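S.K.: structure here, sequence nowhere to be found:
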């Protein structure tokens, strides 16, 4: 496994530090509400003509099954084959990602013979999208131009702190009765209510990103309800959530430097030079220039980081980002940069909703430091090693320092009662670094780890890698998983790097772009 092999050897030490308790009220033994019947209706789109939709009422508090109800929005692509393998519940991550469209994508991207055997089920988790209530704590929270994310003085730090606290206060004011029940355990219990409403004894599960943690928590609470499970781009369950976010920063920085190296290889196109370090210096010079004068009163340094961060998730965005960078650096033309911000960095109402759920779940799931001095020390230390997203990521999560609800304990997802679970992980993934896949492989006895060696994209299956998709299809067909003698059970080569923009290159990356548009960022 080259440079990442050491992570496999060190996994056991990480496991020793895991929280072992399941949060109070999380037990699968809680009383369940009677299973509801689902009334499916057509909600077809041009891309997904067989998509159906419905809603399901579930308890706000699963500890009180006859109490207040909330509504989940569900989608389905029904099976068409005689052989029916039951529901395949899919989740795009986040937390805060809408999953209804993902059902259509998964059903259309799997081999037809495989997809035909499943009812592919998508859902908007509690608080998300078409589910009700849908959270939107502070509309326009990301409106440009924000304060510089780098707290170079007390004034800049105070401005960002006030903004983070204002968000937490707005959530407390608008959703005081709901926030104590926006968490991963509650969403896992929602999944079991979906299973019961589908009339299924067991579910199959396919989760990306945060969806891997949601799936692992579901499997912990309801191991006897899991038939098969695929976890793609895996959250490290030993770092939920403060440590996980710090570890992202190092990996984000590595991916940003990979973009700089890619630009250097294509100097004939971008004319930014052939030395990645000098190109990176030009990027930071662009950041400094935008701090002095934001582009079109929209793109300051924080918005620039927001615009380039998606490139750490998916290298299919690199050609677009490189063109915007080159236009600014070489021609003082900021129009392409503003366009890139609007395409990749700007946050709309759906993004406001997703962020409201993201913070609600992460701040409730686990304890975060309440002393800002700890955040300051940890993030300055990380910035010295990995400056690209260290402080931007810190402010993204900073509402958790002021969150109004009491925190739960992370769930110990270790499991010896499951059928084989298929884990898919790229070695250079930034959003969920490789070690998360390794740790989860160790925690789920009998699981199989398939690695994309050298891959840096987040969400690696159903986006063009035939080797990974072959393992996925085999597993969903009959439960087969590869078995290796070392740490990883199988290794796939990464996809080729993207090429500078052209019609041919755009067509080749279309499926990956569709998937990453559904997965979103930060999750």
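M.R.: Looks like it came in fine. This structure is a prediction, so every number in the text was calculated from the model and none was measured. Numbering: from 1, shown residues only.
S.K.: surely residue 113 and residue 82 touch.
M.R.: No: using CB atoms under 8 Å, residue 113 is not in contact with residue 82, being 11.6 Å away. From N, CA and C alone the C-beta is placed, and that goes for glycine too.
S.K.: what about the closest residue to residue 179 other than its chain neighbours, which SS state?
M.R.: Spatial nearest neighbour of residue 179, chain neighbours left out: residue 405 (4.9 Å); criterion: CB to CB, 6 or more residues apart in numbering. With DSSP: H, G, I helix; E, B strand; the rest coil as the basis, residue 405 sits in coil.
S.K.: for the residue nearest to residue 370 when sequence neighbours are not counted, give me its contacts.
M.R.: Nearest residue to residue 370, sequence neighbours excluded (CB to CB, 6+ apart): residue 401, at 6.1 Å. Contacts for residue 401 were tallied using CB atoms under 8 Å, 6 or more residues apart in numbering; they are 164, 168, 368, 369, 370, 372, 375.
S.K.: check residue 474 too.
M.R.: By CB under 8 Å, 6+ apart, the residues touching residue 474 are 480, 481.
S.K.: any idea how far it lies from residue 420?
M.R.: Note on residue 474: its distance to residue 420, by CB to CB, to the nearest Å, is 12 Å.
S.K.: so what sits against both of the two?
M.R.: The contact sets of residue 474 and residue 420 overlap at residue 481 (CB under 8 Å, 6+ apart).
S.K.: what are the boundaries of the helices in the stretch 251-400 of the chain?
M.R.: Ranges of helices in the stretch 251-400 of the chain, per DSSP state H, counting those that start in this stretch, are 267-270, 276-292, 301-308, 310-313, 318-331, 335-340, 349-365, 372-385, 390-397.
S.K.: and the fifth one, what does it pack onto?
M.R.: Right, helix 318-331. In terms of contacts (3 or more CB pairs under 8 Å, 6 or more residues apart in numbering; DSSP states H and E), helix 318-331 is packed against helix 242-265, helix 267-270, helix 276-292, helix 301-308, helix 335-340.
S.K.: try 10 Å this time
M.R.: Applying 3 or more CB pairs under 10 Å, 6 or more residues apart in numbering; DSSP states H and E, one finds that helix 318-331 contacts helix 242-265, helix 267-270, helix 276-292, helix 301-308, helix 310-313, helix 335-340, helix 503-508.
S.K.: cool, and the first one?
M.R.: The criterion is 3+ CB pairs under 10 Å, 6+ apart, and the helices and strands that helix 267-270 contacts are helix 242-265, helix 318-331.
S.K.: run the chain-centre distance for it.
M.R.: On the basis of CA atoms, centre = their mean, to the nearest Å, helix 267-270 sits 32 Å off its chain's mean C-alpha point.
S.K.: mind putting the helices and strands packed on helix 318-331 into TSV with distance to residue 360 and mean pLDDT?
M.R.: Formatted as TSV, the helices and strands packed on helix 318-331 follow (distance: least, CB to CB, whole Å; pLDDT from 0 to 100):
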stretch	distance to residue 360	mean pLDDT
helix 242-265	16	98
helix 267-270	41	98
helix 276-292	31	98
helix 301-308	21	98
helix 310-313	22	97
helix 335-340	29	98
helix 503-508	37	52
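S.K.: could you say which helix or strand holds residue 123?
M.R.: Under DSSP states H and E, the secondary-structure element containing residue 123 is strand 119-124.
S.K.: swap in residue 408?
M.R.: Per DSSP H and E, there is no helix or strand for residue 408.
S.K.: that one and residue 366 touch, don't they?
M.R.: Yes: between residue 408 and residue 366 a contact is recorded at 6.8 Å, counting by CB atoms under 10 Å.
S.K.: circling back to that earlier point, between residue 113 and residue 82, who's got more neighbours?
M.R.: Taking other CB atoms under 10 Å, residue 113 and residue 82 do not tie; residue 113 has more neighbours (11 against 7).
S.K.: hmm, back to that, out of the helices and strands packed on helix 318-331, flag the one nearest residue 433.
M.R.: Nearest to residue 433 among the helices and strands packed on helix 318-331 is helix 242-265; the distance by CB to CB comes to 4.6 Å.
S.K.: what are the buried residues along the closest one?
M.R.: Residues 242, 244-260, 262-264 are the ones in helix 242-265 that count as buried (16 or more other CB atoms under 10 Å).
S.K.: for the residue lying farthest from the centre of the chain, give me its contacts.
M.R.: What lies farthest from the middle of the chain is residue 331; by CA atoms, centre = their mean that is 35.4 Å. By CB atoms under 10 Å, 6 or more residues apart in numbering, the contact set of residue 331 is residue 271.
S.K.: for residue 320, see how far away it is.
M.R.: Counting by CB to CB, the gap from residue 331 to residue 320 is 16 Å.
S.K.: again with residue 422
M.R.: According to CB to CB, residue 422 and residue 320 sit 32 Å apart.
S.K.: report the contact partners of residue 462.
M.R.: Shown in contact with residue 462 (CB under 10 Å, 6+ apart): 105-106, 108-110, 206, 208, 232, 468-469, 472, 511-512, 514-515.
S.K.: so which of the residues you listed sit within helices?
M.R.: With helices taken from DSSP state H, the overlap with the contacts of residue 462 comprises 105, 106, 108, 109, 468, 469, 472, 511, 512, 514, 515.
S.K.: what's the lowest-pLDDT member of those residues?
M.R.: Looking at these by pLDDT, the weakest one is residue 511, with 70.
S.K.: how many residues are close by that residue?
M.R.: Residue 511 has 16 neighbours, counted by other CB under 10 Å.
S.K.: I'm done for today, thanks for sticking with me.
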